[in-house]
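In: Provided below are the primary sequence and the corresponding predicted coordinates.
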Number of protein chains: 2
Amino acid sequence: MAARLSARTDYESLLDKYDTWLFDCDGVLWQGDRLVDGVPEVLSLLRARKKSVMFVTNNATKSRKNYKKKFDSLGLQAHVDEIFGSAFASAVYISSVMQLPKDKKVYVIGMTGMEEELRDEGISFIGGTDPADNTLESFTLANFKPDPDVAAVLCGLDTSVNYTKLSKAFYYLTRHPGCAFLVSNEDSTYPTAEGLLPGAGAISAPLRYALGRDPISIGKPAGTMLDCIKAKHNFDPARTIMVGDRLNTDIEFGKAGGLATLLVLTGITQESEITGPNASRTVPDYVTNSIGDLRVVAA
Amino acid sequence: MAARLSARTDYESLLDKYDTWLFDCDGVLWQGDRLVDGVPEVLSLLRARKKSVMFVTNNATKSRKNYKKKFDSLGLQAHVDEIFGSAFASAVYISSVMQLPKDKKVYVIGMTGMEEELRDEGISFIGGTDPADNTLESFTLANFKPDPDVAAVLCGLDTSVNYTKLSKAFYYLTRHPGCAFLVSNEDSTYPTAEGLLPGAGAISAPLRYALGRDPISIGKPAGTMLDCIKAKHNFDPARTIMVGDRLNTDIEFGKAGGLATLLVLTGITQESEITGPNASRTVPDYVTNSIGDLRVVAA
């Protein structure tokens, strides 16, 4: 059962135990464009105590640089090197793990953030925000000139998804032997200030369904994201804690990586999902209402 | 094991056994815009022998009237009353089985054929081909004025599918208590003259994934389509045969309805899928290369 934190000594002990703090962002640090109460003070407290702080987000619509701007706009201090997004992790996976040859290309269903990270890793791609693919005109294979160099499809949240993009991706995945099927993340929903909308997992669902085949997923809870962080930063998993609002991404990610886990209730997960007879089988080590609760230590 | 038909006596015996012949269309009577060899002669033969002939298609992009035009253009005789499409069956299901109150509406992800069938059944709907929903502009809940009367979402193949339609459908399905989730059919792929593209099941997959909930499916293999045919025509299931090219829709549909089944190899299914150690568990009663093979009887 998860330990419910509430007393000042609970939070003091947590700070003593963990040197590296990984944070999910949406639903933990902010909700849409609204900062969660106390977040600036808690991040300052962690930095003052010389903790390593990292931000681990499945949001693939933003590059790390865009994400940094989001931190800036909310008045939060963050370095680009502390930010790990699933678009960045996807690009690192394609270049370092898959080792996609330089003459091959990725067909992208995704937005500018994903394109920026691919470009920074020197990966050639087509699709994405190309106006030719951002159309509701009817698509026929008769008029389609496939690019023979496409060797992977990468799909993330794309709010301009359409039948042309899905058909082209389906074409490459079924007609190009060995074409890799990658998704930045599989979140079923996407939190906005006014409520949930379909998430990145919903955008790739048509391909998964039409192919009858599961993609390689890069973001949380997959270990690929943690491998990507480990490649850039040294840390001891036994003294590292993952803070998140989603059981099936953040908490599973932390547990699979051998990290401690802290669930906050400012996002997707409600307390009823972790207590009682119908509780999830994913049990965090700790639960607190809000990351802002740690302020009590600074007081 | 399926009986492999090849001799003239095989086909004669088939004609003796069955009075009602249900045909899938794409991959059986035609491939895209190309008629399968011998189809006009076989349909004439069946009609000359006083057989009941019906056309049962999962294609929900066309109304029965549009479908009739397709028959006309290929020089095939057919009556609108002989044609059962999943758009028509969906409309009948909504009005007769669900008995949607007249002051309630359906939110449609689908094309003109689906709208035409809903209109003919007197069902109010929004979405579909409405230009306001056929856009790649970004969608936000802040600017969305939901229609309080929406009590069902109906999703079929829609080649103008986009994030606005998916988000609105997701909104109704999650925020309107009891909102019904219906799909015209769940075909994973859609056959075109130049090859397969993502099908109706792929279009509804984002909603299924984001909701974590399966829809009520109307088309083959669901029994709803057969109920719809039974409501219009009297026939004896024991003397009825379903002819199709897909094991997981046509043949399963026939078997579930207690009909005999004939698989043809002019469409999706290849012979290797019904023989050998990796054969499908769905076994048709009969197999023949093409429905045109029945011509031998008329010769």
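Out: Structure's in. What do you need?

In: give me every residue that touches the closest residue to residue A:257 other than its chain neighbours.
Out: Spatial nearest neighbour of residue A:257, excluding adjacent residues (C-beta to C-beta, 6 or more residues apart in numbering or on different chains): residue A:226 at 4.5 Å. All C-beta spots, glycine's among them, are computed from the backbone N, C-alpha and C. Taking C-beta atoms under 8 Å, 6 or more residues apart in numbering or on different chains, we find residue A:226 in contact with A:253, A:256, A:257.

In: Next, residue A:226: secondary structure please.
Out: Here residue A:226 is recorded as helix under DSSP: H, G, I helix; E, B strand; the rest coil.

In: Chain B versus the residue sitting nearest the centre point of chain A, what's the distance?
Out: Centroid-nearest residue in chain A: residue A:58, 0.9 Å away (criterion: C-alpha atoms, centre = their mean). Using C-beta to the nearest C-beta, to the nearest Å, one obtains 15 Å as the distance from residue A:58 to chain B.

In: do residue A:169 as well
Out: In terms of C-beta to the nearest C-beta, residue A:169 sits 9 Å off from chain B.

In: so what does the stretch of helix or strand that residue belongs to touch, helix or strand wise?
Out: In the assignment (DSSP states H and E), residue A:169 maps to helix A:163-175. Where contact means 3 or more C-beta pairs under 8 Å, 6 or more residues apart in numbering or on different chains; DSSP states H and E, helix A:163-175 is packed against strand A:105-109, strand A:124-127, strand A:150-155, helix A:200-211, strand B:195-198.

In: Comparing the ones you listed by mean pLDDT, which bottoms out?
Out: Of all these, strand B:195-198 carries the lowest average pLDDT, namely a mean of 94.

In: centre of the chain versus that strand, how much separation?
Out: Per C-alpha atoms, centre = their mean, to the nearest Å, the displacement of strand B:195-198 from the mean C-alpha position of its chain is 16 Å.

In: Name the residues that touch it?
Out: Contacts of strand B:195-198 (C-beta under 8 Å, 6+ apart): A:139, A:141, A:163, A:166-167, A:170, A:174-175, A:206-207, A:209-210, B:188-190.

In: Right, and chain B sits closest to which residue of the stretch 1-150 of chain A?
Out: The stretch 1-150 of chain A approaches chain B most closely through residue A:141 (3.6 Å), counting by C-beta to the nearest C-beta.

In: show me the contacts for that residue.
Out: So, once contact is read as C-beta under 8 Å, 6+ apart, residue A:141 ends up touching A:167, A:171, B:192, B:194, B:195, B:197.

In: Show me which of the residues you listed are buried.
Out: With burial judged by 16 or more other C-beta atoms under 10 Å in any protein chain shown, the buried subset of the contacts of residue A:141 is A:167, A:171, B:192, B:197.

In: Flag whichever of those scores worst on pLDDT.
Out: Minimum confidence in those sits at residue B:192, scoring 84.

In: near chain B, which residues of the stretch 101-250 of chain A show up?
Out: Within the stretch 101-250 of chain A, the positions lying close to chain B (C-beta under 8 Å from any C-beta of the partner chain) are A:134-136, A:138-142, A:158-163, A:166-167, A:170, A:174-175, A:188-189, A:192-199, A:201-203, A:205-210, A:212.

In: Weed out the non-buried ones from those.
Out: A:134-136, A:139, A:141, A:158-163, A:166-167, A:170, A:174, A:188-189, A:192, A:196-199, A:201-203, A:205-210.

In: No further queries at this time; thank you.
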